[in-house]
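Chemist: All I have is the shape, not the residue letters:
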């Protein structure tokens, strides 16, 4: 059934691309200033048809939705090369830096237009000159609750033509919200490229509303974006699909369309495809992503991104709804005897506080190659989701593995280092965001 659905989805995306009129948002007329800000970075989001507002959760989130930086718990570096048409190339470099409660990001994107010919009003050749665009940026994202993340990024675009340059600025704001009652669905909102343009042209500012859904199968994620330009009557529709095969390969398909006429011709314009590959290397994870995007009569473009994730996840910050001491040592807090006074206390009728969720029961583990799959049974009190904690070695420190509460009674880790012993605990989350006590410690040795 899973393979049938994947095949049907691929067929639908292919059909949409075949009948598209090449409505690619990256092409703007001369009235548009800083049009290069509209060219997507990385290979993953591009392969998903740019439907990445609700799904953004890696270092490229700095461009797509800065709120996605809040999901990163480890350093991540990414380099990308975009082989464009007409001899144009794009380079991109970014780094995500965890800072305790949130994650900061820095990036730079560079467009090289190669050597151009200078001519006078009579068409006489006056020699060659160079032109390029540079876009450095800095941003920050934070997970403010188990369900909500927010972030912002500031860019300083620089356009260089021969020996002249022009500088402007662009601000991007983003948010992501995972439904507490339905965790497979994450909503995203991005307001991109607010700020000043160059000359009389308008900057490519837009508002994007997105959604990412994993309700059908845990390994298949569908994403959808709807966009509206602030200075133009242009709307966009983006659709993407990403499948996680054994945590190693991530085939992707996407479709991107707008209501503007771009004149790219028929063919496969609008369709995108790609694949990702994850390879653990000791304490590092090497990630290779590729995206193929055809542009009708203009030809096709190829993006290759290389990412490295360093180290393990740091300890999760306590939820705002629960005192830190209650989360760090719930067992010790429960063991303390209640305080008493010598004087009698008159009973006061108070409203009963909502009951916290019970910790899960019967936690089990199963090894899947370099990964560990956990499963459990819900406790007697209902839970809105679960948080999974892990430590490496008996003297390690428990760290939260999931960015958002897990709704299902199962969880599979990322690729782990073999020949080590891992310890797990699960905590339930109620609808007020409060954590339950931890489940009994589970010890697993990964061969």
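Modeler: In hand now; what should we look at? Keep in mind the model is a prediction, meaning the values are calculated, not measured.

Chemist: Can you give me the buried ones in stretch 71-83?
Modeler: Buried residues in stretch 71-83, counting neighbours by 16 or more other Cβ atoms under 10 Å, are found at 71-76, 78, 80, 82. Placement of C-beta: from N, CA and C, glycine included.

Chemist: what's the average pLDDT for that stretch?
Modeler: Per-residue pLDDT values across stretch 71-83 average out to 91.

Chemist: Mind jotting down where the strands sit in the stretch 101-250 of the chain?
Modeler: Ranges of strands within the stretch 101-250 of the chain are 102-119, 125-143, 148-155, 158-161, 164-167, 170-178, 185-194, 206-217, 220-229, 235-243, 249-258, based on DSSP state E, counting those that start in this stretch.

Chemist: Save those strands as JSON lines, and put in distance to residue 389 and mean pLDDT too.
Modeler: JSON lines is the format used below for the strands of the stretch 101-250 of the chain (distance: least, Cβ to Cβ, whole Å; pLDDT from 0 to 100):
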{"stretch": "strand 102-119", "distance to residue 389": "19", "mean pLDDT": "85"}
{"stretch": "strand 125-143", "distance to residue 389": "16", "mean pLDDT": "85"}
{"stretch": "strand 148-155", "distance to residue 389": "20", "mean pLDDT": "96"}
{"stretch": "strand 158-161", "distance to residue 389": "45", "mean pLDDT": "84"}
{"stretch": "strand 164-167", "distance to residue 389": "47", "mean pLDDT": "81"}
{"stretch": "strand 170-178", "distance to residue 389": "19", "mean pLDDT": "95"}
{"stretch": "strand 185-194", "distance to residue 389": "21", "mean pLDDT": "94"}
{"stretch": "strand 206-217", "distance to residue 389": "21", "mean pLDDT": "89"}
{"stretch": "strand 220-229", "distance to residue 389": "24", "mean pLDDT": "94"}
{"stretch": "strand 235-243", "distance to residue 389": "26", "mean pLDDT": "94"}
{"stretch": "strand 249-258", "distance to residue 389": "26", "mean pLDDT": "92"}
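
Chemist: what's the closest of those strands to residue 426?
Modeler: With Cβ to Cβ as the criterion, residue 426 lies closest to strand 170-178 of the strands of the stretch 101-250 of the chain, at 18.2 Å.

Chemist: what sits up against the helix or strand containing residue 45?
Modeler: In the assignment (DSSP states H and E), residue 45 maps to helix 44-47. With contacts defined as Cβ atoms under 8 Å, 6 or more residues apart in numbering, helix 44-47 is touched by 40, 52, 55-56, 58, 60, 63-64, 240, 242, 250, 252-254, 272-276, 289-293, 303, 305.

Chemist: Which SSE is immediately downstream of that helix?
Modeler: With DSSP H and E, the next secondary element past helix 44-47 is helix 61-64.

Chemist: which helices and strands sit right next to that following helix?
Modeler: Other elements packing on helix 61-64 under the criterion 3 or more Cβ pairs under 8 Å, 6 or more residues apart in numbering; DSSP states H and E are strand 102-119, strand 125-143, strand 148-155, strand 170-178.

Chemist: so what's residue 298 closest to, chain neighbours aside?
Modeler: Leaving aside its sequence neighbours, residue 298 sits nearest to residue 85 (Cβ to Cβ, 6 or more residues apart in numbering; 5.1 Å).

Chemist: Now tabulate the helices and strands packed on helix 61-64 in TSV and tack on mean neighbour count.
Modeler: Shown next, in TSV, are the helices and strands packed on helix 61-64 (neighbours: other Cβ atoms under 10 Å):
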stretch	mean neighbour count
strand 102-119	17
strand 125-143	17
strand 148-155	22
strand 170-178	23
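
Chemist: For residue 35, find the nearest of those strands.
Modeler: strand 125-143 (9.0 Å).

Chemist: Pairing partners for the closest one, with directions?
Modeler: Using DSSP bridges, strand 125-143 pairs in its sheet with strand 102-119 (antiparallel), strand 148-155 (antiparallel), strand 158-161 (antiparallel).

Chemist: right, and these - which one's nearest residue 405?
Modeler: strand 148-155 (11.7 Å).

Chemist: With distance to residue 193 added, can I get the strands paired with strand 125-143 in CSV?
Modeler: CSV is the format used below for the strands paired with strand 125-143 (distance: least, Cβ to Cβ, whole Å):
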stretch, distance to residue 193
strand 102-119, 13
strand 148-155, 8
strand 158-161, 14
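
Chemist: Among these, which comes closest to residue 437?
Modeler: That would be strand 148-155 among these, by Cβ to Cβ, at 24.3 Å.

Chemist: Contacts for that closest one next, please.
Modeler: The contact list for strand 148-155 (Cβ under 8 Å, 6+ apart) reads 37, 61-63, 65-71, 102, 105, 135-144, 169-178, 193.

Chemist: ok, now stretch 66-73?
Modeler: Contacts to stretch 66-73, defined as Cβ under 8 Å, 6+ apart, come from residues 56-59, 61-62, 96, 98, 102-105, 139-144, 149-153, 172-176, 188, 313-314, 316, 399-400, 403-404.

Chemist: so how far does that stretch reach from one end to the other?
Modeler: Counting by Cα to Cα, to the nearest Å, you get 15 Å between the two ends of stretch 66-73.

Chemist: Centre of the chain to it, how far?
Modeler: With Cα atoms, centre = their mean, to the nearest Å as the basis, stretch 66-73 stands 7 Å off its chain's centre.

Chemist: what do you get for stretch 372-388?
Modeler: Distance of stretch 372-388 from its chain centroid, counting by Cα atoms, centre = their mean, is 24 Å.

Chemist: go on, stretch 62-81?
Modeler: Stretch 62-81 has its C-alpha centroid displaced from the chain centroid by 7 Å (Cα atoms, centre = their mean).

Chemist: for this protein, where's the lowest mean pLDDT among helices and strands?
Modeler: Least confident helix or strand, the chain: helix 324-328 with a mean of 36, by mean pLDDT, DSSP states H and E.

Chemist: for the stretch 301-447 of the chain, what spans make up the helices?
Modeler: Using DSSP state H, counting those that start in this stretch, the helices of the stretch 301-447 of the chain run over 324-328, 330-335.

Chemist: What ranges in the stretch 301-447 of the chain fall below the confidence cut-off?
Modeler: Filtered on pLDDT under 70, the stretch 301-447 of the chain yields the residue ranges 311-355.

Chemist: thinking again about what came up before, may I see the helices and strands packed on helix 61-64 arranged in CSV, with distance to residue 231 as well?
Modeler: Conversion of the helices and strands packed on helix 61-64 to CSV gives the following (distance: least, Cβ to Cβ, whole Å):
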stretch, distance to residue 231
strand 102-119, 21
strand 125-143, 19
strand 148-155, 17
strand 170-178, 13
